[in-house]
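J.: Just to be clear, the model below is a prediction. Sequence and coordinates:
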Amino acid sequence: MSESENPQLLGGGKELTVEDIRALAGPVTPHFALQVRNRIRRLIEPLPAGHPARAEGERQIARLESLAQNSGEPRQGLGISH
């Protein structure tokens, strides 16, 4: 899948839920952790502070960044931004 978003989540009539975030982040391998992190950032950006899906998204972003750091990804530590 490319980094394009599910139209039902972005701009659709459906409100983003904690379950949506967990479904997106749950099965991620280290190889794709940073791509999924970026998707979650875009999804939670418009949500207000304190929104349950935003809080879960922030937790998952931290987990995905940790997962990527431990993946052996060659870009890590080379000063290349993500």
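T.: Sure, I can see it.
J.: Which strands or helices does the longest helix seen in the chain pack on?
T.: Looking across the chain with DSSP state H, the single longest helix is helix 52-69. On a contact count with 3 or more C-beta pairs under 8 Å, 6 or more residues apart in numbering; DSSP states H and E, helix 52-69 meets helix 18-25, helix 33-44. Just so you know, the C-beta spots here come from the backbone N, C-alpha and C atoms, and that holds for glycine as well.
J.: and stretch 65-80, average pLDDT?
T.: Average pLDDT, stretch 65-80: 68.
J.: on that earlier part again, most tightly surrounded among the helices and strands packed on helix 52-69?
T.: Comparing the helices and strands packed on helix 52-69 on average neighbours per residue, with mean count of other C-beta atoms under 10 Å, the densest one is helix 33-44 at a mean of 19.
J.: From the contact counts, what lies against it?
T.: Where contact means 3+ C-beta pairs under 8 Å, 6+ apart, helix 33-44 is packed against helix 18-25, helix 52-69.
J.: With respect to Leu34, which of those lies nearest?
T.: Leu34 lies closest to helix 52-69 among the helices and strands packed on helix 33-44, at 5.0 Å (C-beta to C-beta).
J.: That closest one versus helix 33-44: what angle between them?
T.: With axes from the mean of the first three to the mean of the last three C-alpha atoms, to 10 degrees as the basis, helix 52-69 and helix 33-44 are set at 160 degrees to each other.
J.: and the angle from helix 52-69 to helix 18-25?
T.: With the same axes, to 10 degrees applied, the angle from helix 52-69 to helix 18-25 works out at 20 degrees.
J.: And helix 52-69, what's buried?
T.: Within helix 52-69, the residues that count as buried by 16 or more other C-beta atoms under 10 Å are 53-54, 56-57, 60-61, 64, 67-68.
J.: Alpha carbons only: can I get it in PDB?
T.: Provided in PDB are the C-alpha atoms of helix 52-69 (Å, rounded to 0.1, in the frame of the first residue of the first chain):
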ATOM      1  CA  PRO A  52      -8.900   9.400  22.700                       C
ATOM      2  CA  ALA A  53      -7.800   8.600  19.200                       C
ATOM      3  CA  ARG A  54      -5.200  11.300  19.300                       C
ATOM      4  CA  ALA A  55      -3.800  10.000  22.600                       C
ATOM      5  CA  GLU A  56      -3.700   6.500  21.200                       C
ATOM      6  CA  GLY A  57      -2.100   7.700  18.100                       C
ATOM      7  CA  GLU A  58       0.700   9.500  20.000                       C
ATOM      8  CA  ARG A  59       1.300   6.300  22.000                       C
ATOM      9  CA  GLN A  60       1.500   4.200  18.800                       C
ATOM     10  CA  ILE A  61       3.800   6.800  17.200                       C
ATOM     11  CA  ALA A  62       6.300   6.400  20.100                       C
ATOM     12  CA  ARG A  63       6.000   2.600  19.800                       C
ATOM     13  CA  LEU A  64       6.600   2.600  16.100                       C
ATOM     14  CA  GLU A  65       9.600   4.900  16.400                       C
ATOM     15  CA  SER A  66      11.100   2.500  18.900                       C
ATOM     16  CA  LEU A  67      10.300  -0.500  16.700                       C
ATOM     17  CA  ALA A  68      12.000   1.300  13.700                       C
ATOM     18  CA  GLN A  69      15.100   2.100  15.800                       C
END
